[in-house]
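> when you get a sec, could you give me coordinates for this:
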Amino acid sequence: MNNSWFSNKIYSLLQSVYDWYLTTPDRFLEIAYRAALEIKSIEDNHFYGNKIDFTVVSYSNSVMDYFQADLTKQLKIIRTQLKKFNTSRSLLWISTKNFVEQDVELNNKSNFIVDKLKFIDEITSKYTLIEIDTRQLVTRNLSKPLDTSKKVPRQLKNKKSQGQEWSKANTIGVLPRSIFNTINRLQLELDPNAEQDVVKKFRKSQQRTIISVRFILLLIIVPILTHQIVKAFLVGPILDKSKILENLQHTNEIGLFLNYEMEEEAIAELNQFEEKLKFQNLINDKNPLSKEQMDNKIKEKAQNIAQNYQRLSLNAIRNVFADILSVFTFVCLLIISQKDIAILKKFFDNIVYGLSDSAKAFIIILFTDIFVGFHSPHGWEVILEGISHHWGLPANHEFIFLFIATFPVVLDTVFKYWIFRYLNRISPSAVATYHNMNE
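Residues are numbered from 1 along each chain as shown. Below you'll find the predicted structure:
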C-alpha cells in the first residue's frame with residue numbers, strides 16, 4: 001500500500017514537471033503579450049490610441065522621457081520573450097507531435113497563439129529600433145554635448161552600408177514641431193468627444209488620488225492603532241499578571257531596571273534631589289529639617305523614582321511586543337493591497353513627473369542633506385538612541401558609531417547610483433539642475 005502511494009506521488013510529480021515543461025513556450029508568449037498590452041494601454045490612455053510619439057500629444061520633455069523609457073523596456077521584453085518562445089518551440093518536438101495528433105483542442109490553442117502573435121506584431125510594427133535609439137540619443141544629451149566617438153546604432157550602420165546616408169537633418173522636419181503640436185491640440189479641442197474624454201480622465205485621476213490618500217492613511221493609522229490597542233489591552237494585562245519585573249530579582253540586584261543606564265539615571269536623579277534638599281535646608285534658617293526628616297523625604301523620593309522606573313520598564317517591554325505586531329500588520333496590509341500599491345505608484349509618478357526640474361533638484365538635495373549630509377550623523381545618533389530607549393535597551397555607542405560610519409556612506413553611494421542610472425535617463429535636465437544647485 002505504501003509502495004503504491006509512493007509510486008503515485010512520484011508519477012504525479014513527474015507529470016506536473018512534464019506539463020510545466022510542455023507549457024514553457026506559452027509562458028514566454030504570455031509575458032510578451034502582457035508587455036504589448038502595456039504599450040497599448042499607454043497609447044489608449046495618453047496618446048488617444050495613436051503611436052507613442054512626442055508629435056502626437058504636447059507633453060513636456062520629462063513626461064515623454066518617462067513614456068519613452070517605459071516603451072523601450074516593454075519592447076525589449078517582447079523581443080527577448082519572443083526569442084525564448086521560438087527557441088523553446090523548436091526544442092519541444094513532443095509538443096509538435098501532439099499538435100498533429102490532436103485536432104480540436106490544439107487547433108483552438110493554435111488560433112489563440114496566432115491571435116496573440118498578430119496583436120504583438122500589430123503593436124511592435126509601429127516602433128523600430130532606430131526610432132528608440134535616436135530618441136535615446138536626444139534625451140541623454142540634453143545637458144551634454146554630443147560625443148561622436150560613441151558607437152553608432154546598428155541600424156544606422158546598416159543604412160550607411162546600403163548607400164543611404166544618414167545625417168541629423170533627416171531627423172528634423174521641414175516645419176517646426178511646435179506647429180504640428182498646435183494643430184494636434186486644435187484637433188483635440190474641436191473634437192466633439194474631447195470634453196467627455198477630459199471629464200473621464202479627470203474622474204479617473206480623482207479616483208486614483210482618493211484611493212492613494214486613503215491607502216496612505218491606512219498604512220499610517222492602522223499600525224498606530226494596532227500598537228496602542230495591543231499595548232493597552234493585550235500585552236499590558238499579560239505582563240501585569242506575569243509579574244515579569246519581580247522575576248528579574250534573580251538577575252538584578254534592584255529588580256526595577258532593564259539595563260544599567262536606567263539604574264544610573266535613577267541614582268543620579270535621587271542624588272540631585274538629595275543635594276537640592278540639603279541646600280534648601282542650609283539656607284532655611286527658620287524651620288530647618290532634622291536628619292530624620294531629611295532621611296524620610298529622601299526615602300519617599302526613592303520610592304517614587306522606583307515606581308516611575310518600574311512603569312518605564314514595563315512600558316518598554318510592552319513596546320517590544322506591540323511593535324512586532326504593528327510591523328506584522330503593516331506587512332499584511334502591503335501583501336493584501338497589491339492593487340492599491342500599483343495605484344499609489346502611479347499617483348507618486350504623476351506627482352514627481354509633474355514637478356519642475358528645480359523642484360526635483362530641491363527635493364533631492366533636501367533629502368540627501370538630511371540623511372547623508374554633513375550634519376546627518378547627529379540625527380542618526382538621536383534616532384538610534386531613541387529606538388534603544390523605546391525598547392528599554394542600553395545604547396551601545398560603539399554600534400551607533402559604527403552604524404554612522406557605514407550606513408550613510410552606503411546610502412549615499414546607492415543614491416548617487418540611482419541618479420546616474422535611473423534619473424539621468426528619465427529626466428536628464430533635472431540631473432543637470434541638481435548638479436548646478438549642488439555646486
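
> what mean pLDDT does the helix or strand hosting Asp349 have?
Assigned by DSSP states H and E, Asp349 falls within helix 338-354. For helix 338-354, mean pLDDT is 86.

> check stretch 291-307 too.
88.

> run through who's touching that stretch.
254, 256, 266, 269-270, 273-274, 277-278, 281, 289 (Cβ atoms under 8 Å, 6 or more residues apart in numbering). C-beta: built from backbone N, CA, C; applies to glycine.

> coming back round to it: how about the helix holding Asp349: buried residues?
340, 343-344, 347, 352-353 (16 or more other Cβ atoms under 10 Å).

> roughly how far is the strand or helix carrying Arg203 from the heart of the chain?
If you go by DSSP H and E, Arg203 is part of helix 194-230. For helix 194-230, the separation from the chain centroid amounts to 17 Å (computed by Cα atoms, centre = their mean, to the nearest Å).

> sec struct for the residue at the greatest distance from the centre of the chain, please.
What lies farthest from the middle of the chain is Lys286; by Cα atoms, centre = their mean that is 69.6 Å. Three-state assignment for Lys286 (DSSP: H, G, I helix; E, B strand; the rest coil): coil.

> sorry, back to before: tell me which of the buried residues of helix 338-354 is nearest to Leu37?
Ile343 (17.7 Å; Cβ to Cβ).

> poorly predicted segments of this protein, please.
In the predicted model, the chain carries pLDDT under 70 at residues 1-21, 54-58, 91-109, 128-181, 184-185, 187-189, 191, 194, 240-256, 285.

> any idea which helix is longest in it?
helix 291-336 (DSSP state H).

> for the helix holding Asp349, C-alpha coordinates in CSV please.
Coordinates of the C-alpha atoms in helix 338-354 are reproduced here as CSV (Å, rounded to 0.1, in the frame of the first residue of the first chain):
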residue,chain,number,x,y,z
GLN,A,338,-1.2,44.9,-4.3
LYS,A,339,-3.7,46.8,-6.5
ASP,A,340,-3.6,49.8,-4.2
ILE,A,341,0.2,49.8,-4.2
ALA,A,342,0.1,49.9,-8.0
ILE,A,343,-2.3,52.8,-8.0
LEU,A,344,-0.2,54.6,-5.3
LYS,A,345,2.9,54.1,-7.5
LYS,A,346,1.1,55.8,-10.4
PHE,A,347,0.0,58.6,-8.1
PHE,A,348,3.5,59.3,-7.0
ASP,A,349,4.8,59.1,-10.5
ASN,A,350,2.3,61.7,-11.6
ILE,A,351,3.3,64.0,-8.7
VAL,A,352,7.0,63.5,-9.3
TYR,A,353,7.0,64.0,-13.0
GLY,A,354,4.6,67.0,-12.6
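
> give the next helix or strand downstream of that helix.
That would be, after helix 338-354 and using DSSP H and E, helix 357-372.

> show residues contacting that following helix.
62, 352, 355, 375-376, 379, 408-409, 411-412, 415, 419, 427, 429-430, 432-434, 436-438.

> please repeat the previous calculation with a cut-off of 6 Å.
408, 411-412, 429-430, 433-434, 437 (Cβ atoms under 6 Å, 6 or more residues apart in numbering).

> repeat that for stretch 395-412.
Looking at what lies outside stretch 395-412 - Cβ under 6 Å, 6+ apart - the contacts are 372, 376-377, 380-381, 384-385, 388.

> only whichever of the residues you listed are buried, select them in ChimeraX.
Selection of buried members from the contacts of stretch 395-412 for ChimeraX, criterion 16+ other Cβ under 10 Å:
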select :372,376,377,380,381,384,388
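
> make CSV from the contacts of stretch 395-412 and add distance to Phe119 and secondary structure to it.
Shown next, in CSV, are those (distance: Cβ to Cβ, whole Å; DSSP: H, G, I helix; E, B strand; the rest coil):
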residue, distance to Phe119, secondary structure
Val372, 47, helix
Ser376, 51, helix
Pro377, 56, helix
Trp380, 52, helix
Glu381, 57, helix
Leu384, 54, helix
Glu385, 59, helix
Ser388, 58, helix
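
> quick one: the residue at minimal distance from the centre of the chain from Ser337, how far?
By Cα atoms, centre = their mean, the mean C-alpha position of the chain lies nearest to Lys345, the distance being 8.2 Å. Distance from Lys345 to Ser337, counting by Cβ to Cβ, to the nearest Å: 12 Å.
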